[in-house]
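Engineer: output the structure for:
(chains A and B)
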Amino acid sequence: MSTTTAYLNARLVDPASGRDETGGLIVRDGRIAEIGPNVTANGAEVVDCGGHVLAPGLIDMHAFVGEPGMEHKETLASLGEAAAAGGITSVIVMPNTDPVLDEVALIQHLERRAENTSSVNIHPMAAITKGLKGETMTEMALLREAGAVAFTDGRKAVANPLVMSRVMRYASAFDLLLVQHPEDPILASDGCMTEGELAMRLGIPEIPVEAETILIERDLRLAAAANCRYHVSQISCAQAVEVVRAAKKWNSRISCGIAAHHFALNEQAVGQYRTFAKTSPPLRSEADRQAMVAAIADGTIDVIVSGHDPQDEESKRLPFEQAAFGTIGLETLLPLALELHHKGEVPLLKVLAALTVRPAQLLGLEAGRLEADRPADLVLFDLDRPDRIEKQKFRSKSKNSAFDGRPVQGRVLRTVVGGNVIFGGEDVE
Amino acid sequence: MTASNDSPSTAAAARPAGAPEPSFSHPHLLGIEGLTEWEITYLLNLADRYVELNRQGDKKHSLLRGRTQVNLFFETSTRTSTSFELAGKRLGADVINMAVSRSSISKGETLIDTAMTLNAMHPDVLVVRHPHSGAAELLSQKIGCAVINAGDGRHEHPTQALLDALTIRRRKGRIGGLTVAICGDILHSRVARSNILLLNAMGARVRVVAPPTLLPTAMERMGVEVFHDMRQGLKDCDIVMMLRLQQERMHGSFLPSTKEFFRYYGLDYDKLEVAKEDALIMHPGPMNRGVEIDTEVADDINRSAIREQVEMGVAVRMAVLEALTQRNGGPSQ
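Structural biologist: The predicted structure follows:
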């Protein structure tokens, strides 16, 4: 039994091919069958896209989930709903669960749970070290076979250089992608916001930018020596971007991600101890933020992620130093990324590339392109519609967004995974 | 530039005669940041009168009769909690001391839960000390009464800065134009932050003297001159304010030893020589004798104002209690 849907009158935007034109796209049996300016329905069910943007569904390379172990913060089901509402069709979840995703059986279990309960594609990253302790490497090749798309210790960096060096050399044999949280825990110490005037005035222990830069510098040298694939999960400061920019000139196996809050906010968002703006790495200075925008524009930064980190009220309604790090981000990723386009800072194709084809290439995913035979993972969105981020509308179980109340432009109209509409759909004008 | 008006008040019989009309419009005292020069002057004027009253035989007033003051201390403190207790009692308030142990704060939910519990008891003033910056601010958002910050993390300790200012003003007759050197562990000190803000607001020249490991990196942004050499920092200054070395907050290597610290940054007669002849020595206490200050200097009655600071503390806290409760509809008599 074959089902066919024709998405017509769409602005087809495909960063992989550079396509940006009005046309149509035929979905058959969960895959893209045809695409182009002259596509016709041929009896298929028609969806009139009203001239809005039809793009590959977003791939979010960095999200935390509470399942297993902290289901009150986020389940795979609620994560899926939030992602769908945000136009995200594939979410890469971090191994910082309880238990930690450091064994084959746990990866398999998570994938089964995700398949049964979540409407979007969920791919796990597995831990680099057992129990995220930074000491013993996991069975990385077996974990990859089980479905781990990359390796990371999540919100913890692998701090020991000898361990990291060995992991890198081992990983190079299997061409695995290593994803590092860029913060040296010794230099960051008990800090909770970026070093500078505001932290001093608030009396909050500081994290120097060097905690990030030095760890990245160290890793880039080790990665070059090991000839492994290395990815910085969330870069946040100007001097670290400089280091990555320079290294990219001679090493094509390194890449770099950024969370939306690091180009959309600066340290001032902390204001009078707003714990929702407590993130790791911390929000940086305005000069750093501007450097992030420039680095997205020139391609130094490859991918944009949500950095989605759900935390319940009890973990956030505390004095700043005691509050948990993290902001949610699945439902705000697209509109925040589109700010780069609306402000004229980064062209639309480039913004979307960082959300689709680039993460797909790094992770070896089939999705992320509008191309015949690819999975029909799609997002249809109104590029220009004014909107406001509102906490009460979030589908995520946790509401800790640093962006509540922010006016934005751009709204998801429909999200499609494997040809199935999982969000919106009824009233595409 | 003071807003004070010396007409006698009719609102409160117990308020010192000639006290200025209430003109402090903040609901809480969470820090010096945000206070204007005239608001600080107003509090100091009020406190000045309490100093005189406290030196008389009958120290008890009825301004806060029927009011409940809760002292909520998440950190151990002797002098500050005693000072607040005495201030409240002298104004006639019912004072309750609640000491919350460190072990129960680490359970996390205590602060908001405590606020909810306290709310149900309808206190009029909450005095709070907490080991984490911003805790007083957080409590003020959740509680329905005036909150006085008695020290939060390394953020602020406003009543300490006010009592220091009162001490200086009474000894020197003014604050504006004086050169004040704040020396020692600036990094971990809420007293330093509050004092810098207050002294700058009042027009003093502020210097800080410390090794770089005990200074925030953005120090100059607070409008101070930074010195790493104590003799240069003390040269020609009017006030030498020493800070306690907070070894309990030091994890990792900040200093090689207290011996070396004392040699280079401890206050002794030798270093004091370069300050003005009548330079006043202050310390918020408790002192580490032989670490940041030489015993003889600390006890020098001609130069040290350390004991006077304690006396001023009670008066300043009475003034703050009055300012905050007057604002909320006047005293119940």
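Engineer: let me see the contact set for A:Arg229.
Structural biologist: For A:Arg229, the contact set (C-beta atoms under 8 Å, 6 or more residues apart in numbering or on different chains) comprises A:171-172, A:175-178, A:253-255, A:362. (C-beta placed from N, C-alpha, C; glycine too.)
Engineer: for the stretch 151-300 of chain B, what lies in contact range of chain A?
Structural biologist: With the criterion set to C-beta under 8 Å from any C-beta of the partner chain, the stretch 151-300 of chain B comes near chain A through B:152-156, B:190, B:193, B:216-219, B:221-222, B:251-252.
Engineer: A:Glu366: how many residues sit nearby?
Structural biologist: 14 (other C-beta atoms under 10 Å in any protein chain shown).
Engineer: three-state assignment of residue 244?
Structural biologist: Assuming you mean chain A. The local conformation at A:Val244, judged by DSSP: H, G, I helix; E, B strand; the rest coil, is helix.
Engineer: so what's it scoring on pLDDT?
Structural biologist: With respect to pLDDT, A:Val244 scores 98.
Engineer: relative to chain B, how far out is the closest residue to it other than its chain neighbours?
Structural biologist: What sits nearest to A:Val244 in space, not counting adjacent residues and going by C-beta to C-beta, 6 or more residues apart in numbering or on different chains, is A:Cys256, at 5.1 Å. Summarising the geometry, the distance separating A:Cys256 from chain B, computed by C-beta to the nearest C-beta, to the nearest Å, is 26 Å.
Engineer: return the backbone torsion pair for A:Cys256.
Structural biologist: phi -150, psi 140 (degrees, to the nearest 10).
Engineer: and the pLDDT for the closest residue to chain A within chain B?
Structural biologist: Distance from chain A to each residue of chain B (C-beta to the nearest C-beta) is smallest for B:His155, at 3.1 Å. B:His155 is assigned a pLDDT of 97 by the prediction.
Engineer: ok, B:Ser77 next?
Structural biologist: Per-residue pLDDT puts B:Ser77 at 86.
Engineer: SS state for it?
Structural biologist: The three-state assignment at B:Ser77 reads coil, by three-state DSSP.
Engineer: and if you look at the one 4 residues further on?
Structural biologist: Three-state assignment for B:Ser81 (three-state DSSP): helix.
Engineer: hang on, it packs against B:Arg129?
Structural biologist: Yes: proximity of B:Ser81 to B:Arg129 meets the contact threshold set by C-beta atoms under 8 Å, at 7.5 Å.
Engineer: about what we covered before: now do the residue of chain B closest to chain A against B:Ala115, distance only.
Structural biologist: As for B:His155, its distance to B:Ala115 is 18 Å (criterion: C-beta to C-beta, to the nearest Å).
Engineer: quick one: pLDDT of A:Leu177?
Structural biologist: A:Leu177 carries a pLDDT score of 98 in this model.
Engineer: residues contacting it?
Structural biologist: When contacts are taken as C-beta under 8 Å, 6+ apart, A:Leu177 is in contact with A:149-151, A:171, A:229-231, A:362-363.
Engineer: redo that, cut-off 10 Å
Structural biologist: Taking C-beta atoms under 10 Å, 6 or more residues apart in numbering or on different chains as the criterion, A:Leu177 is in contact with A:125, A:144, A:148-152, A:171, A:228-231, A:253, A:255, A:362-364.
Engineer: now B:Val147
Structural biologist: With C-beta under 10 Å, 6+ apart, B:Val147 has these contacts: B:27-30, B:72, B:115, B:123, B:125-128, B:136-141, B:324.
Engineer: run the last query once more with 6 Å
Structural biologist: With contacts defined as C-beta atoms under 6 Å, 6 or more residues apart in numbering or on different chains, the neighbours of B:Val147 are B:28, B:126, B:136, B:139-140.
Engineer: ranges for the helices of the stretch 51-200 of chain B?
Structural biologist: Listed in chain order, the helices of the stretch 51-200 of chain B (DSSP state H, counting those that start in this stretch) span residues B:79-90, B:102-105, B:110-119, B:135-142, B:158-172, B:190-201.
Engineer: which of those sits most buried?
Structural biologist: Most buried of these, by mean neighbour count (mean count of other C-beta atoms under 10 Å in any protein chain shown): helix B:190-201, with a mean of 26.
Engineer: now that helix: average pLDDT?
Structural biologist: Helix B:190-201 carries an average pLDDT of 97.
Engineer: just the C-alphas of that helix, formatted as PDB.
Structural biologist: In PDB, the C-alpha atoms belonging to helix B:190-201 read as follows (Å, rounded to 0.1, in the frame of the first residue of the first chain):
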ATOM      1  CA  ARG B 190      31.400  41.100  50.300                       C
ATOM      2  CA  VAL B 191      32.500  43.800  52.700                       C
ATOM      3  CA  ALA B 192      34.900  45.100  50.100                       C
ATOM      4  CA  ARG B 193      32.300  45.200  47.400                       C
ATOM      5  CA  SER B 194      29.800  47.100  49.500                       C
ATOM      6  CA  ASN B 195      32.400  49.500  50.800                       C
ATOM      7  CA  ILE B 196      33.700  50.200  47.300                       C
ATOM      8  CA  LEU B 197      30.200  51.000  46.100                       C
ATOM      9  CA  LEU B 198      29.400  53.100  49.100                       C
ATOM     10  CA  LEU B 199      32.700  55.100  49.200                       C
ATOM     11  CA  ASN B 200      32.500  55.800  45.500                       C
ATOM     12  CA  ALA B 201      28.900  57.000  45.900                       C
END
